[in-house]
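Asker: Fold the following and give me the result.
(one chain, ligands or ions: 1)
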Amino acid sequence: MDERITCDKMKMKLQKITKPGKEILRLYNEFNYKDKKKRIGKFRTRRIIFSAKVDKKTVGFILANFIDYGMESFGYIEELYVDKEFRNKKIGRTLVQKTLNEFKKLKVSAVHVTTNRRNKKAQLLYQRAGFEKDKNPWYNYWFR
Ligand SMILES: CC(C)(COP(=O)(O)OP(=O)(O)OC[C@H]1O[C@@H](n2cnc3c(N)ncnc32)[C@H](O)[C@@H]1OP(=O)(O)O)[C@@H](O)C(=O)NCCC(=O)NCCS
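Answerer: Alright, predicted model coming up:
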């Protein structure tokens, strides 16, 4: 639903949208004005989900997003979870590997994931899968 707000004495309409329309793409191209070749005209997203089943029971899943910015595309792993009773059986690793294969087919430049600082298991899993630890600073907004 649209919302009307006043922003710096200016009346503004705020719309919640689900897909970037022409006007968003126009701004996106403006944002990437430096290299004209990089102009896009497309902005695709796709959700990739794999579920792992053992004897018809779902024991784990991975949820990832593919984002194509036009000039470059990236993969983001959002969630990875394996049922406690089924851990240490290479299910997590298999889900990550499957997702990496999928992203490879989509020709992404890189796949990103963030883990909790204390989650050594997941960090080791990603490192063994070939992920490299990044030193880039992140700005995180926490609701607490
Ligand atoms: C992290 C998680 C997905 C791992 O799933 P899993 O199926 O048990 O992992 P795998 O059996 O595929 O193990 C793959 C690698 O993870 C690491 N790992 C898994 N369990 C571990 C443990 N108990 N201690 C240390 N490392 C561990 C190892 O590097 C392992 O490779 P190796 O066997 O060659 O040493 C699972 O523990 C989980 O669901 N945790 C809670 C949710 C979570 O933390 N998700 C990640 C958020 S980004």
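Asker: Could you give the separation of stretch 99-106 from the chain centroid?
Answerer: In this view, stretch 99-106 has its centroid 13 Å away from the chain centroid, taken as CA atoms, centre = their mean, to the nearest Å.
Asker: Residue numbers of this structure in contact with the ligand?
Answerer: Within reach of the ligand by CB under 6 Å from any ligand atom, the chain has these residues: 80-82, 87-93, 113, 115, 119, 121-122, 124-125, 128. In this view, the C-beta of every residue, glycine as well, is placed from N, C-alpha and C.
Asker: Strands of this structure, start to end?
Answerer: Assigned by DSSP state E, the strands in the chain fall at 3-7, 10-14, 44-54, 57-68, 73-82, 110-113.
Asker: What residue in the protein comes nearest to the ligand?
Answerer: Going by CB to the nearest ligand atom, the ligand is nearest to residue 92 of the chain, at 2.5 Å.
Asker: Can I get whichever helix in the chain runs longest as CSV, trimmed to CA atoms?
Answerer: The longest helix of the chain (DSSP state H) is helix 91-105. The C-alpha coordinates for helix 91-105 follow below in CSV (Å, rounded to 0.1, in the frame of the first residue of the first chain):
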residue,chain,number,x,y,z
ILE,A,91,24.6,-33.2,4.1
GLY,A,92,25.5,-29.6,4.7
ARG,A,93,28.5,-29.8,2.5
THR,A,94,26.5,-31.5,-0.3
LEU,A,95,23.8,-28.8,-0.1
VAL,A,96,26.5,-26.1,-0.4
GLN,A,97,28.3,-27.9,-3.3
LYS,A,98,25.0,-28.3,-5.2
THR,A,99,24.3,-24.6,-4.8
LEU,A,100,27.8,-23.7,-5.9
ASN,A,101,27.3,-25.8,-9.0
GLU,A,102,24.0,-24.0,-9.7
PHE,A,103,25.7,-20.6,-9.4
LYS,A,104,28.5,-21.8,-11.6
LYS,A,105,26.0,-22.6,-14.3
